[in-house]
Each structure stands twice: as C-alpha cells, then as structure tokens.
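Visitor: Predicted coordinates and the sequence they were generated for:
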Amino acid sequence: MSYIQEVRNAVAARNAGQPEFMQAVDEVLTTITPIVESSDVYKANAILERITEPDRQIMFRVPWTDDNGNIRVNRGYRVQFNNAIGPYKGGLRLHPSVNLSIIKFLGFEQIFKNSLTGLPIGGGKGGSDFDPKGKSEREIREFCQSFMTELARHIGADVDVPAGDIGVGGREIGYMFGQYKRLKNVYEGVLTGKGLPYGGSLARTEATGYGLVYIIQNMLESIGNGFKGKTVTISGSGNVAIYAAQKATELGGKVVTMSDSNGWVYDKNGIDLQVVKDIKEVKRGRIKEYADQVSGAEYHSDGKVWQVKCDIALPCATQNELDISDAKTLIKNGVTAVGEGANMPSTTDAINAFQAAHVLFMPAKAANAGGVAVSALEMSQNSQRLSWSFEEVDSKLKGIMRDIFNKTASAAKLYATPADYVAGANIAGFLKVAQAMIAQGV
Ligand code: NDP
C-alpha cells in the first residue's frame, strides 16, 4: 500500500463520522500524490500524518440568555490546525449545521489557501451551532460576548486571529472585539473584519467577492476571454455573493441569479444590487423580497440557480451546494467557467464532471483566498498602526490574486495536467507548508 493510502486509511479510521473533513482530506491527498511520491522526505518527516492532525481542537460551552429569560446553551469550536508559516488564521461560522467535521474541513483547507496567498498566516477555523436567524440584537450581542469569554484565552494577535464567515459579519466581530478588549485589557489586532473606526481595513468587506472575480478574470484571460458580455449565475446573497456580483457586473458580466437557504431569484435583466444590499445588509431580510420589489424578477422556492443557462457559475453559499446533477445541467447548458466563492461548494463528482468536460474550474482554496489575504493586510496595518486607502488595498488584492493564479497554473503544468487548477492549488499550497514543517523539526 502506498504511503498516501496508508495515511488516508489511518485518518479515516481516526475521524469516523466526519464526512466533510474526509472529503477535504481526500481531495488534497489525491492531488498531491506526484509530489509526495517524488521524494522520501515527506514520509521520513511524517508530513501527511502531521498535516492532517490539528495542532489542537478546542470545544466549549457557550451559555446565553434569550429574550424570554431562558438559559440556552450552544457549542463553540476553534480548531487551530497548523501554524508552520504564521499565526492561525481563519473565520468563525455561526450556523445550526456547524459541527466538528465542518470546522475541521474548513480549518484544513485554510492551511493551503493561506499558504497560496504568499502571506505569513497559518490555518484555523471556528464557530458555533448557534443560529443567528430571527435573534434579537441583544441576543446576538450576548451570544458573541459569551462565545468570546471562552475563546479569548486561546487567541491573540501573534497566536490566532479569527475573522468572519457565514453568520459573522461586522456586527458580530464588533461585539467579539469589545469583549476581548474588556477581558484582556489589550488593544490589538486579534480579529479581522473589524469596523473602520477601530482598526478595520478598507476593502475587507469586498475582498472575497472581488478576489473571486479577479482570479476568474485571470483564468478567462488565459484563454483570451473575460467577463464582458457573459451571463453569470451566483448562489448565496451574503458577503461573498454580493461583492462577487458587484465586481462581475463592473467587468461587463450580467449576473442573473442570487439565492438564500429558502429559495432563489432570477432576473433576466441583471440583478439590481442596490435592492439586494438593502434587503440583506440593511433589513436582514430574505431574497424572496427581491421579486416583490423588482418587476420581471422571478422567485423560486424549489430547484437551484444552476438550472439557469449561463457562461460562468459562481457558487457563493455553502459546502456541497453544487452536485453532479447540477454540474451535468450546467455543462449541458454550455457553462465555460466555474469559480468557487464558497468553501467546497462542489461535490467531488461535480468537480470531476467539470474537468472531464474541459470546463475551466477554479477551486475555493485559490478562488476565495482574497478574503483572508486582505485580512492579513488588516493585520499588517494594525501592527504598523496605519491604515491604507481603498485603492491601495484593492490593488494589492488584485496583485495577490494574479500571483495565486500564476502559482496555481504553473504547479498544475509542472506536476499535474495544465489547467488542473485543483491539483495546482493543492500542490502549490502544500509545498510551502511542508518545507516550513520540515525546517522546524518534529
Ligand atoms: P454570509 O453569511 O454572508 O452568507 C451566506 C449565504 O449563503 C447566505 O445567502 C445564506 O443564506 C446562504 N447559505 C448559508 N448556508 C446555507 C445552506 N446550508 N443552504 C443554502 N444557503 C445557505 O456568508 P459569506 O458570504 O461570508 O460566506 C459564504 C461562503 O463563502 C461560505 O462557504 C464561507 O465559508 C465562504 N467564504 C467566506 C469568506 C468571507 O470573507 N466572508 C472568505 C472565504 C470563504 P441564508 O441567509 O438563508 O442562510
């Protein structure tokens, strides 16, 4: 049995009942095979055994009181996966589906994504099974304070720097930052995605969505193409989806769909983002309201956005939201490029189908790395006690995304198949972390 297969079996046995984590591990192990088999150094240093086992996994009770005076208890997580190249860095997710498997898959992917950015950040992820939907402002605040009361002892500006993710935006980061400061009596860049008056970075809100569109534009340019004149379908209507739609529109694409967990909207004239922003960012409402406000737009509570004919598909909601039947529909309808804004939104079968059909496919580790990259730029600004202009951050983001595209494309060409960006991103991300781990000893 090969070294990779041995490790894969051991990881599966040790992490039974964690399908999302195993899906992420399988994808990485499969695609880095040519590298691992090219030298004994990885086996001799037990790199695969070590990189698949988190440095530490913290689980804790998060008690809070609801508006009726009932005491409620959620479970909090922080998985500090690997800090070979920098402090742990990765978001916090608040969603009822959160469990250890999901946090571990996200933390594992974060190691390689953060490495690809070229910035000094390790991999981690956290969150809770708390459901922010329908909660009052006071309930959200109390939950965030209680969550940080435990988390504070495990993080720090040079230790572990969390950010937002699903269900965690500027409001939640603000409450958590306030509680950290109260507990530690220290003003430091311990969280990113902060508000502008207290250490946030310009362009952080836009970074993941903009970065996604920048790298897809790079990928399209490599075949003499671009967003201009293309029909784009996007899923989700949160932070990533909104700013991906904004940049895709700016570059001349027409975005025709957006969704949330209840349903999706189709607007053949192109989504009016001001309406979406007002519903989602201001009123915290449902995407259904878009069809009530914009004439000619359709709302569907069944099916998915992937049934709409498009040239470019950008899944920006959640893991495994695009399966093999969605991939087949997209291919049949002539999709030419897919870019993952969400983390692991495509199932393994769907990715295989896209690649077999020669659809250009950019995986999440490369495609959505713009968010964490600008988070790392926020850390730099905090350390220097400086703040850079929007244009400065945006231009650095563009450069980072181009660099990620180039690294991913050349690793694919060198070690796998040209345009196999899944292998390219995993290999380029892995090599740097493995070298650092070897240099630092066991
Ligand atoms: P938000 O909470 O802002 O938005 C999430 C969107 O996805 C909402 O429209 C939400 O709908 C929808 N969604 C969430 N869960 C589900 C589900 N189970 N089924 C259907 N729809 C769902 O999160 P973000 O935009 O920040 O994150 C979206 C994705 O991008 C995630 O995979 C995240 O890990 C990834 N990502 C985010 C980064 C960031 O900087 N924010 C950075 C890199 C990756 P509803 O409101 O109904 O729940």
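Guide: Structure's in. What do you need?
Visitor: which one is the residue nearest in space to the middle of the chain nearest to, not counting chain neighbours?
Guide: Among the residues of the chain, the one closest to the centroid is N343, at 4.5 Å (C-alpha atoms, centre = their mean). Among residues not flanking N343 along the chain, A364 sits closest, at 5.0 Å (C-beta to C-beta, 6 or more residues apart in numbering). Every residue, glycine included, has its C-beta placed from N, CA and C.
Visitor: What pLDDT does the model give M1?
Guide: The model reports M1 with a pLDDT of 89.
Visitor: quick one on the thing from earlier: gap between the residue nearest to the centre of the chain and V161?
Guide: Shown here: N343 relative to V161, a distance of 18 Å by C-beta to C-beta, to the nearest Å.
Visitor: In the stretch 251-400 of the chain, what residue spans correspond to strands?
Guide: Counting by DSSP state E, counting those that start in this stretch, residue ranges of the strands within the stretch 251-400 of the chain are 254-259, 264-266, 298-300, 312-315, 337-339, 360-362.
Visitor: how far is the second one from where the chain is centred?
Guide: Same thing as strand 264-266. 23 Å (C-alpha atoms, centre = their mean, to the nearest Å).
Visitor: same thing with the fourth one?
Guide: From the chain centre to the centre of strand 312-315 is a distance of 15 Å (C-alpha atoms, centre = their mean).
Visitor: try the fifth one
Guide: What separates the centre of strand 337-339 from the centre of its chain is 15 Å, taken as C-alpha atoms, centre = their mean.
Visitor: Which other helices and strands does it contact?
Guide: The contact analysis (3 or more C-beta pairs under 8 Å, 6 or more residues apart in numbering; DSSP states H and E) places strand 337-339 against helix 204-221, strand 312-315, strand 360-362.
Visitor: Can you tell me what sits against that strand?
Guide: By C-beta atoms under 8 Å, 6 or more residues apart in numbering, the surrounding residues in contact with strand 337-339 are 212-213, 215-216, 219-220, 311-315, 322, 330, 346, 354, 359-362, 367.
Visitor: And for the second one?
Guide: By C-beta under 8 Å, 6+ apart, the surrounding residues in contact with strand 264-266 are 235, 256-259, 271, 287-288, 290-291, 297-300, 303-305, 308.
Visitor: Point me to the residue of the chain nearest the ligand.
Guide: Distances from the chain to the ligand, computed as C-beta to the nearest ligand atom, single out G238 as the nearest residue at 1.8 Å.
Visitor: Isn't that residue up against A317?
Guide: Yes: counting by C-beta atoms under 8 Å, A317 is a contact partner of G238 at 7.5 Å.
Visitor: can you list residues touching both of these two?
Guide: Listed contacts common to G238 and A317 are D260; contacts here mean C-beta under 8 Å, 6+ apart.
Visitor: so what secondary structure elements neighbour the longest strand belonging to the chain?
Guide: When secondary structure is assigned using DSSP state E, the longest strand within the chain turns out to be strand 71-82. Using 3+ C-beta pairs under 8 Å, 6+ apart as the contact definition, the elements that strand 71-82 packs against are strand 56-65, strand 88-94, helix 100-116, strand 122-128, helix 137-151, strand 160-163.
Visitor: out of those, deepest packed?
Guide: Among these, the stretch with the highest mean neighbour count (mean count of other C-beta atoms under 10 Å) is strand 122-128, at a mean of 29.
Visitor: now that strand: mean pLDDT?
Guide: Looking at strand 122-128 alone, the average pLDDT works out to 98.
Visitor: Tell me how many other residues surround S97.
Guide: Neighbouring residues of S97 were enumerated by other C-beta atoms under 10 Å; the total is 14.
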